[in-house]
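[1] What follows is a predicted structure for the sequence shown.
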Amino acid sequence: MRPLTLDRDLFDELADRGGSDLISIFTPTHSKGRDVSQDRIRLKNLLGDADSHLEELGFKPRERKDRLRLARDLLDDREFWEHQAEGLAIYIDDDGEMNPVSLDHEVAESAYVMPVFVMRPLLADLTRPEMQVLALTRGEVGLFEATTASARRIAVDLPESLDDVNWFVDRERQRQQHPDRTDTGRARHGHDPSVREEEDLARFLREVDRALKGNGPLIVLGDDELVSRFDDVTDRGVISPDNSGVRSPFTETEILEIAGPVAHSLISDRESKAVAEAKEQIGAGNATTDIDVAVQGALSGRIGHVVVDPATNPVWGRIDESTMDVAIHGEKQHADVDLVDRVIVLSMRNGADVTPIQNQPGEFPLIAINRF
């Protein structure tokens, strides 16, 4: 089998699934090489940890074996281990049904048994902004979606290159049918080859711009001259990092090597801004760092934004959703949940934004900001 790909629907489905003793397992993984065998050993050990948790809860050997059977079958599933990224989450419900989820970031090894699934290790993948990256050379044009960890080419109707005659012919026919949609029908100025080349280049760049989707910032890599000319014809925010030159044919690996640090810088700026704004809201009395207050606000839909480090230590306790009472425990007790995780899930369920950051925002696990 292959691991599942994370999206918001899968996140919500898992987050809403309840039970008595749900198992959540997280482990780093690798796509190839000798490390893959180590990944199997890690998972085997974590399944042993989960088995021990179940034993402590009074489960008999046969019950534990049945609960973990599908997950243990993964240890010998060669196809499964050939389709890994940086991390893996495995969710096992009370009936032994298993959902393995591939993650694009490394996660710490851990195994939990709780009445709900632990969801916050998935936040980085779920909320990570994807940057569009345009690779622009005379010999090849490509559009990619990049994060700090990956880059993938996306299908979009772009000219393959400056010499893609058929593509331009098709567009000219469309322009003739819809003359109000173009400014490319201007007459040639004589037969000067240099003028013709300039017009073709300008038209090429305008058509590339028209084919792109969205209005967010765009990282542009490629020939320096083309990048500069493209910046002149587009209204998009163009980011062209130093040493941004690529030659055709280019690969996803090359795109990531250049665009990845830019995406990381943009994400870091986003996190810093979120923390600064959250601290301002604390000062204004519009935010809380108290877990019990945050849980109650998340339950009632009062929370509009949560800033949290997904790797922060759990805060164990219980929630009575009917009375909105919250009990916090110094150590995990049977039937406890991670209250940090519940604030995240309950807030998102009620439409709040969540910004994961890499460092805790102070000496507290999260900042929950009220809706205005």
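    Now that the structure is in, tell me what you want to look at. Everything quoted here is computed from the prediction, not taken from an experiment.

[2] Give me the residue ranges of the stretch 101-250 of the chain where confidence is low.
    165-194, 215 (pLDDT under 70).

[3] Strands along that one, start to end?
    According to DSSP state E, counting those that start in this stretch, the stretch 101-250 of the chain carries its strands in the segments 110-116, 131-136, 141-146, 151-153, 218-222, 238-239.

[4] now the third one and strand 131-136, what's the angle there?
    To tie it back to what came earlier, the one meant is strand 141-146. In terms of direction (axes from the mean of the first three to the mean of the last three C-alpha atoms, to 10 degrees), strand 141-146 departs from strand 131-136 by 160 degrees.

[5] circling back to that earlier point, JSON lines please, covering the strands of the stretch 101-250 of the chain and showing distance to residue 329.
    Just so you know, the C-beta spots here come from the backbone N, C-alpha and C atoms, and that holds for glycine as well. As requested, these are exported to JSON lines (distance: least, C-beta to C-beta, whole Å):
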{"stretch": "strand 110-116", "distance to residue 329": "13"}
{"stretch": "strand 131-136", "distance to residue 329": "42"}
{"stretch": "strand 141-146", "distance to residue 329": "42"}
{"stretch": "strand 151-153", "distance to residue 329": "43"}
{"stretch": "strand 218-222", "distance to residue 329": "47"}
{"stretch": "strand 238-239", "distance to residue 329": "47"}
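
[6] Direction included, what does the top strand by length along the chain pair against?
    Secondary structure of the chain per DSSP state E: the longest strand is strand 18-28. Neighbouring strands of strand 18-28 in its sheet, by DSSP bridges, are strand 87-92 (antiparallel), strand 110-116 (antiparallel).

[7] Which parts of this protein belong to which domain?
    Following automatic domain parsing, the chain resolves into domains at 1-127, 131-267, 286-372.

[8] The spatially closest residue to residue 237 that is not a sequence neighbour and residue 132, how far apart?
    Excluding its sequence neighbours, the residue lying closest to residue 237 (C-beta to C-beta, 6 or more residues apart in numbering) is residue 217, at 4.3 Å. Using C-beta to C-beta, to the nearest Å, residue 217 is found at 8 Å from residue 132.

[9] Residue 342 now?
    Taking C-beta to C-beta, one finds residue 342 at 34 Å from residue 132.

[10] and what of residue 164?
    In terms of C-beta to C-beta, residue 164 sits 21 Å off from residue 132.

[11] between those two, who's got more neighbours?
    Between residue 164 and residue 132, counted using other C-beta atoms under 10 Å, the more crowded position is residue 132 (20 against 16).

[12] who's in contact with the more buried one?
    By C-beta atoms under 8 Å, 6 or more residues apart in numbering, the contact set of residue 132 is 143-146, 212-214, 216-219.

[13] swap in residue 64?
    51, 54-55.

[14] Now the buried members of the residues you listed.
    Among the contacts of residue 64, those classed as buried by 16 or more other C-beta atoms under 10 Å are 51, 54.

[15] And the helices in the stretch 51-200 of the chain, which stretches?
    In the stretch 51-200 of the chain, helices defined by DSSP state H, counting those that start in this stretch lie at 61-73, 78-81, 123-127, 165-177, 193-211, listed in chain order.
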